[in-house]
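Trainee: Need a 3D model of the sequence below.
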Amino acid sequence: MIKFNMGLNRRMRQYFICLVAIIVVILYVLALTGCLGTSPGIPGIYLVRYFNNVTEAEVRVGLFGLCAGTAGNLTCAATIGHNGTVANTIASGYTLPGSAANTAAPSDLQAMLALATTMQGSTATGQTVVSAVFVPLIVGCVFFVTAVCALLAHGALNEPKFVEEDGACYESVHRTRAWQVVGVVTTYSVAASLAAAIATTAAGRALLFAGSALPGAALTAAQAASRDTIQAQTGTALPVLQWLVVTLTLMWHLLMTFVWRKM
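Mentor: Here you go, the predicted model:
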């Protein structure tokens with residue numbers, strides 16, 4: 001009975017650690033897919049939002065997509081692959097790539113779209129503010145997935161902890177190598193996710209000053225009634241996702257090192 005309970009407790013701890021890994025992957029997916037579609041919650045994951053209170057027009061800048069619209073009617077589309085052409089189409093009327101309606105954006109959105117596409121216009125060359133966020137984010141995601149795959153590839157999850165050789169017990173070579181890889185790769189994953197979270201917070205605050213109205217400043221009556229006044233607001237969901245990834249990745253690293261390996 002005691003052995004059964006010990007085995008059950010061990011299995012429950014393993015399930016919990018696996019659950020943490022699954023949650024981390026889901027958070028990475030959500031952070032990377034912000035503003036790529038109109039599915040519930042996806043348009044709310046953005047780095048910065050530009051808006052005008054008079055026209056109710058707004059543009060939300062994600063890592064790989066934009067959401068634009070008026071009066072809460074947003075159209076979202078991916079901007080990756082359109083880096084060289086998006087900014088050039090602003091003057092003649094911007095059409096969101098992949099838009100079902102395929103109609104030019106209203107004039108209320110022109111200045112905000114030009115501003116937003118400037119943020120993403122050269123993400124492929126790493127020359128934009130947005131690139132400072134998604135590069136470490138993707139690196140952290142790759143390192144984390146690599147750590148999980150290393151465990152599976154080396155059979156460290158189910159392989160016996162010790163093997164007998166010449167009457168002596170040794171830790172399995174495959175298991176030892178797997179844990180060495182996991183330790184190094186997960187450490188890099190924590191560092192990259194932390195860099196991405198810090199970059200998200202810093203970039204969001206920096207992009208606030210791209211609006212024509214400084215954040216926190218009281219608008220004059222003329223500014224408040226102007227269709228040209230662009231206000232900016234940082235996103236909340238994306239930084240929260242980023243810091244959750246940092247916390248859970250660090251937790252997973254500690255659990256794998258001090259709990260799972262000791263089992």
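Trainee: got a list of what the closest residue to residue 50 other than its chain neighbours touches?
Mentor: In space, and not counting its chain neighbours, residue 50 is closest to residue 112: 4.4 Å by Cβ to Cβ, 6 or more residues apart in numbering. (Glycine included, C-beta is placed from N, CA and C.) Going by Cβ atoms under 8 Å, 6 or more residues apart in numbering, residue 112 touches 50-52, 57-59, 68, 230.
Trainee: 6 Å instead, please
Mentor: By Cβ atoms under 6 Å, 6 or more residues apart in numbering, the contact set of residue 112 is 50, 59, 230.
Trainee: any idea how far residue 249 is from the first one?
Mentor: According to Cβ to Cβ, to the nearest Å, residue 50 and residue 249 sit 31 Å apart.
Trainee: How many residues are close by residue 180?
Mentor: Residues contacting residue 180 under the criterion other Cβ atoms under 10 Å number 12.
Trainee: Next: the one 4 residues further on.
Mentor: Applying other Cβ under 10 Å, we find 14 residues neighbouring residue 184.
Trainee: Identify each buried residue in the helix or strand where it lies, please.
Mentor: Here residue 184 sits within helix 173-207, counting by DSSP states H and E. Using 16 or more other Cβ atoms under 10 Å as the test for burial, helix 173-207 gives 175, 178-179, 181-182, 185-201, 203-204, 207.
Trainee: for the residue lying closest to residue 183 once chain neighbours are set aside, helix, strand, or coil?
Mentor: Nearest non-adjacent residue to residue 183, counting by Cβ to Cβ, 6+ apart: residue 257, 6.5 Å away. Here residue 257 is helix, with the state taken from DSSP: H, G, I helix; E, B strand; the rest coil.
Trainee: Residue 257 and residue 61: what is the separation?
Mentor: For residue 257, the distance to residue 61 - Cβ to Cβ - is 38 Å.
Trainee: more neighbours, these two?
Mentor: Between residue 257 and residue 61, residue 61 has the larger neighbour count (other Cβ under 10 Å), namely 31 against 15.
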